[in-house]
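Participant: Output the structure for:
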Amino acid sequence: MRIFVLVLIVLGLSVHVMMQPPPPPAAPGSASGAAKKFAGWPSILSIASSEQFVSLEGRFKVALPKDIQGFGALSPKQTGSTATGQQLTWKFDEGDVVLFFLDFPDSALTGSMADMNQITANSKKLFTDRYPSARLVSENTADANGVPSSNFVYDFGADGFIAVQLYLDKKRLYRFNAAFKDAKTEKLLGPIFGSFKLITQAEVDAELSKKYEAMKPPPLPQTPVVPRLTSDAEDEGFKGKIKKVVEESEDSSGTWGVQGRKMSSVENFDEKGALTQSDDYDSQGNPFQITVYGYINGKRVSNSKTTNYEYDPPPPPAVLPSKSSDVPKRDARYKYSFDYKYENGKLVESQLIYNNGRKGNRTVYKYSPNQVEELVYTEDGKLNQRYLSKLDPNGNKIEKTDFGLSNFDIYGDRHYKHSYEFDTVGNWIKKITLRETKVNGVTSWQPAYITYRTITYY
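Facilitator: As a prediction, this is how the structure comes out:
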């Protein structure tokens, strides 16, 4: 399939976004059309009247299926500007619907109808420049649910049609591209586009709060404590009596879909340095997993729950447990337990164990002067990950190599350098990371990302 390059010129701001699809859809009966039919996508007629896609990240809802067939984060490097956003794709037997939304923080956009008219005019010009034979069959500009909107349809003859729907909310532009084989389908898109409605930030925050509360596992017993040579805080290299660590990250490369500081993790420790809860955040800065820690039957154990967002793929089908008597019984009170090994006062091995006693991943640490090697083995004993870090005199990682071990690894070995800012206790609170890059045989160190820590002490 060809790649359709869409160029949005918004009040003098040129933004290049690579999108796939659409070019014009293939005519019914063509080889391409037959392939789409063979793919088995549902008909757009099968969308239930009550079905609704809700995007907390995009702050909107629309009458489209809850599951999407494609997602992509749009970074400044992709858009060629400071604009960022997301791209979502729905596939139907009759064609495809692609929605992307982009934020233009440095533009002069105000969300006015005049802005909408200029964006529409620029978008239509792009169609006529790229597809001179395309025929404009309808267009309409109006105020829809409190925001300026625009709709126009181009007929490509035997190749079908493309319908475009635009909405402008201040400095954020929403654009639907619907590429369908049969122009008769165009009338079905009207109610879908018309169902688009923005949701408030307060509604988004309330829903995120509900998701977070639903994700919390039940607390685990904190006594009796299982003795350990070191604490979780010490294993992570912290100094002092750590209570809470909030970690944020910020892109320096222009390749992330979310710009500015975004949440990465939150860790809570007890007064002895043992983790009690850790929250992990996804690439969009939303919490996706909460893990709690405790002690059961003389074991260090953990329990976790996850959540999904609209941009996540549908979860895989649940695997029913075997009824064989050979399957060890699970302890439903927790998911994992952990074993630790030490040499010369240092952690040299951590073993994850499932709640049925089966061993999972094993991590081995090998120390040498100013260096530590980290080896991660799968439950069947295969080396899965390897990291080699150079340390400064205080044990901070100043260089790191991530080795590409998998046959599916397209990046190969990755090399990084780190520099730090510290608080008065000696813990780093800002880490600047550079990545080694090679362009035309020339090696250089380029900005990658910045990590921030907000540390609370007892």
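Participant: which SS state does Gly254 fall under?
Facilitator: Here Gly254 is coil, with the state taken from DSSP: H, G, I helix; E, B strand; the rest coil.
Participant: Pro191 belongs to a strand, doesn't it?
Facilitator: No - under the criterion used here (three-state DSSP), Pro191 is helix, not part of a strand.
Participant: from what I can see it touches Ala63, true?
Facilitator: Yes - counting by CB atoms under 8 Å, Ala63 is a contact partner of Pro191 at 6.8 Å. All C-beta atoms are positioned from the backbone trio N, CA, C, and that covers glycine.
Participant: Looking at these two, which has the bigger crowd around it?
Facilitator: Ala63 (18 against 11; other CB atoms under 10 Å).
Participant: What are the buried residues along stretch 220-237?
Facilitator: 220, 226, 228, 231-235 (16 or more other CB atoms under 10 Å).
Participant: so can I have TSV of the residues you listed showing distance to Ile290, pLDDT and secondary structure?
Facilitator: What follows is the buried residues of stretch 220-237, written out as TSV (distance: CB to CB, whole Å; pLDDT from 0 to 100; DSSP: H, G, I helix; E, B strand; the rest coil):
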residue	distance to Ile290	pLDDT	secondary structure
Leu220	12	97	coil
Val226	22	94	coil
Arg228	23	93	coil
Ser231	21	95	coil
Asp232	16	96	helix
Ala233	19	97	helix
Glu234	23	95	helix
Asp235	20	94	helix
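Participant: Out of the residues you listed, name the two that are farthest from one another.
Facilitator: Farthest apart among the buried residues of stretch 220-237 by CB to CB are Leu220 and Glu234. That separation is 20.8 Å.
Participant: In this structure, spot the strand with the most residues.
Facilitator: strand 442-457 (DSSP state E).
Participant: Can you name the residues in contact with that one?
Facilitator: Defining contact as CB atoms under 8 Å, 6 or more residues apart in numbering, one finds that strand 442-457 is touched by 238, 240-253, 256, 261, 264, 416-417, 423, 425, 427-437.
Participant: Just the buried ones out of those residues, please.
Facilitator: 238, 242-243, 245-253, 256, 264, 416-417, 427-428, 431-436.
Participant: circling back to that earlier point, next, format the buried residues of stretch 220-237 as TSV and append distance to Val442.
Facilitator: Below are these laid out as TSV (distance: CB to CB, whole Å):
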residue	distance to Val442
Leu220	52
Val226	53
Arg228	48
Ser231	45
Asp232	42
Ala233	42
Glu234	42
Asp235	39
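Participant: Dump whatever helix or strand Leu99 lives in to CSV, keeping only the CA atoms.
Facilitator: Element membership of Leu99, judged by DSSP states H and E, is strand 95-103. The C-alpha trace of strand 95-103 is given here as CSV (Å, rounded to 0.1, in the frame of the first residue of the first chain):
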residue,chain,number,x,y,z
GLY,A,95,-12.5,1.2,4.1
ASP,A,96,-10.5,2.8,6.9
VAL,A,97,-11.1,5.7,9.3
VAL,A,98,-7.9,7.4,10.6
LEU,A,99,-8.1,10.0,13.3
PHE,A,100,-5.2,12.0,14.5
PHE,A,101,-5.1,15.0,16.9
LEU,A,102,-2.2,17.4,17.1
ASP,A,103,-1.3,20.1,19.6
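Participant: List the strands paired with it, with their directions.
Facilitator: Applying DSSP bridges, strand 95-103 is found paired with strand 84-92 (antiparallel), strand 172-180 (antiparallel).
Participant: Now do the helices in the stretch 151-300 of the chain.
Facilitator: 186-194, 201-215, 232-235 (DSSP state H, counting those that start in this stretch).
Participant: Mean neighbour count, those: which tops it?
Facilitator: helix 232-235 (a mean of 19; mean count of other CB atoms under 10 Å).
Participant: Filter the buried ones among the contacts of strand 442-457 down to the ones in strands?
Facilitator: 242-243, 245-251, 264, 416-417, 428, 431-436.
Participant: re the thing from before, which of the buried residues of stretch 220-237 lies closest to Val301?
Facilitator: Closest approach to Val301 among the buried residues of stretch 220-237 (CB to CB): Leu220, at 6.3 Å.
Participant: Return the distance of that closest one relative to Lys211.
Facilitator: 22 Å (CB to CB, to the nearest Å).
Participant: what do you get for Tyr420?
Facilitator: Computed as CB to CB, the Tyr420 to Lys211 distance reads 34 Å.
Participant: go on, Ser283?
Facilitator: 17 Å.
Participant: Kindly report the same for Ser350.
Facilitator: 30 Å.
Participant: next one: Asp339
Facilitator: From Asp339 to Lys211 the distance is 33 Å (CB to CB).
Participant: For Pro132, identify the helix or strand it belongs to.
Facilitator: Going by DSSP H and E, Pro132 is not in any helix or strand.
Participant: so who does it touch?
Facilitator: Per CB under 8 Å, 6+ apart, neighbours of Pro132: none.
Participant: From Phe156, how far out is it?
Facilitator: For Pro132 relative to Phe156 (CB to CB), the value is 11 Å.
Participant: got it, and Leu189?
Facilitator: 16 Å.
Participant: where does the most centrally placed residue in the chain fall, phi/psi-wise?
Facilitator: The residue lying closest to the centre of the chain (CA atoms, centre = their mean) is Ser283, at 3.7 Å. Here is the backbone geometry of Ser283 (degrees, to the nearest 10): phi -70, psi -20.
Participant: Do you know the pLDDT at it?
Facilitator: At Ser283, the pLDDT value in this model is 94.
Participant: give the contact list for the nearest residue to Lys272 once chain neighbours are set aside.
Facilitator: Take Lys272 and drop its neighbours on the chain: the residue closest to it by CB to CB, 6 or more residues apart in numbering is Ser231, 6.0 Å away. Neighbour list for Ser231: 269, 272-274 [criterion: CB under 8 Å, 6+ apart].
Participant: Give me the PyMOL select line for those, limited to the buried ones.
Facilitator: In PyMOL, this line selects whichever of these come out buried by 16+ other CB under 10 Å:
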select buried, resi 269+273+274
